[in-house]
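> sequence first, then the predicted structure:
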Amino acid sequence: MKPGFKTEGCVAIVTGANRGIGLGFVEELLDQGAAKIYVGARNLANAEEVAKRDPGRLKPVQLDVTKPDEIEAAAAACADVNLVVNNAGMYQMERLYKTGKPDVVRQEMEVNFFGVLNMVRAFGPVMEKNGGGAVVNVLSAGGIVAVPDMGGYSPSKFAARAASDCLRAELAPLGIGVTALIVGSVDTRMASHVTWIEKSKPRDIGKAGLWAAEKGIGEHDTDPHAIGVRAQLARDPAGLAAAMAKRVQD
């Protein structure tokens with residue numbers, strides 16, 4: 001994937017932008033000179049609160065990625081976008097087999113996989129009309145290593161990673177790059193239960209993601225935890241799989 005996208009002067013839309021990694025992207029985009037940032041959130045009031053930080057450049061958008069009509073409405077309203085940050089995610093802390101909530105896995109797949117796919121389908125033509133751009137998919141170390149106690153989250157991130165590879169090939173001739181971010185433990189509400197490892201800051205992920213998009217990098221490990229998981233996977237994949245399995249057996 002050839003570099004070409006520039007953060008400075010870009011027009012971005014960020015899903016799940018009202019907190020966590022999404023807000024980290026918004027803050028980095030502001031600091032790096034983005035011309036406009038559409039702040040997408042399921043609750044418009046939350047997006048509006050974020051937009052108060054810089055009313056000139058931040059524009060709130062009602063956007064639940066599980067609702068195709070809201071995605072299509074956003075694509076029509078945000079016709080100047082050339083950067084899509086697919087950050088919205090769901091992790092319900094339920095297992096695949098031993099669970100009292102079997103439908104949770106479908107919900108996680110709707111957000112983490114179909115949400116990403118539908119955003120790209122809707123905004124791909126927008127970016128093509130605008131001369132190209134970039135897609136940044138916020139994935140997980142759980143998308144390169146199966147984590148049994150993450151239930152549907154890990155499989156959904158594996159699926160989104162594979163989709164990123166497929167979409168990268170399809171969109172490259174249109175001048176649109178696709179960067180998949182492999183993210184480890186970050187100090188967000190979603191990872192509040194994680195206490196055994198040092199967490200990166202949300203803005204660190206935003207900075208790493210924008211850098212990777214500008215460099216035209218297809219897949220990027222954003223933080224020390226993700227880098228460590230990748231290294232362990234390369235060094236001892238069987239041992240890592242056994243360690244992950246043990247987490248649900250103890």
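Noted; the coordinates are in hand. Numbering: from 1, shown residues only.
> which of the three states applies to His220?
Secondary structure state of His220, per DSSP: H, G, I helix; E, B strand; the rest coil, is strand.
> please apply the same query to Ala88.
Using three-state DSSP, the secondary structure recorded for Ala88 is coil.
> same question for Glu8.
Taking three-state DSSP as the rule, one finds Glu8 in the coil state.
> give me the neighbour count for the residue lying closest to Arg230 once chain neighbours are set aside.
Beyond its immediate neighbours in the sequence, the residue positioned closest to Arg230 (CB to CB, 6 or more residues apart in numbering) is Asp221, lying 5.3 Å away. Yep, even glycine has a C-beta here, placed from its N, CA and C like the rest. Applying the criterion other CB atoms under 10 Å, we find 20 residues in the vicinity of Asp221.
> dump the residue contacts of Asp221.
Applying CB atoms under 8 Å, 6 or more residues apart in numbering to Asp221 gives the contacts Ile182, Gly184, Ile227, Arg230.
> selection in ChimeraX covering whichever of those residues are buried, please.
To isolate the buried members of those in ChimeraX, using 16 or more other CB atoms under 10 Å:
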select :182,184,230
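> just checking, which of the contacts of Asp221 belong to strands?
Using DSSP state E to define strands, the subset of the contacts of Asp221 located there is Ile182.
> of the contacts of Asp221, which one scores lowest on pLDDT?
By predicted confidence, those are weakest at Gly184, whose pLDDT stands at 92.
> that one and Gly33, how far apart?
Distance, Gly184 to Gly33, using CB to CB, to the nearest Å: 28 Å.
> now do Glu128
Applying CB to CB, one obtains 24 Å for the distance of Glu128 from Gly33.
> neighbour count winner among those two?
Glu128 (16 against 12).
> residue boundaries of the strands in the protein?
11-14, 36-41, 58-62, 83-86, 133-138, 176-182, 219-221.
> can you add distance to Leu96 and give these back as a markdown table?
As requested, these are arranged in a markdown table below (distance: least, CB to CB, whole Å):
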| stretch | distance to Leu96 |
| --- | --- |
| strand 11-14 | 30 |
| strand 36-41 | 29 |
| strand 58-62 | 32 |
| strand 83-86 | 24 |
| strand 133-138 | 22 |
| strand 176-182 | 22 |
| strand 219-221 | 25 |
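> centroid residue for the chain?
Of all residues in the chain, the one closest to the mean position by CA atoms, centre = their mean is Val138, 2.1 Å from it.
> that residue bridge partners, please.
On DSSP bridges, the residues paired with Val138 through beta bridges are Leu181.
> what pLDDT does it get?
As predicted, Val138 sits at a pLDDT of 98.
> residue contacts, it?
For Val138, the contact set (CB under 8 Å, 6+ apart) comprises Ile21, Val85, Asn86, Asn87, Gly89, Leu181, Val183, Ile205, Gly209.
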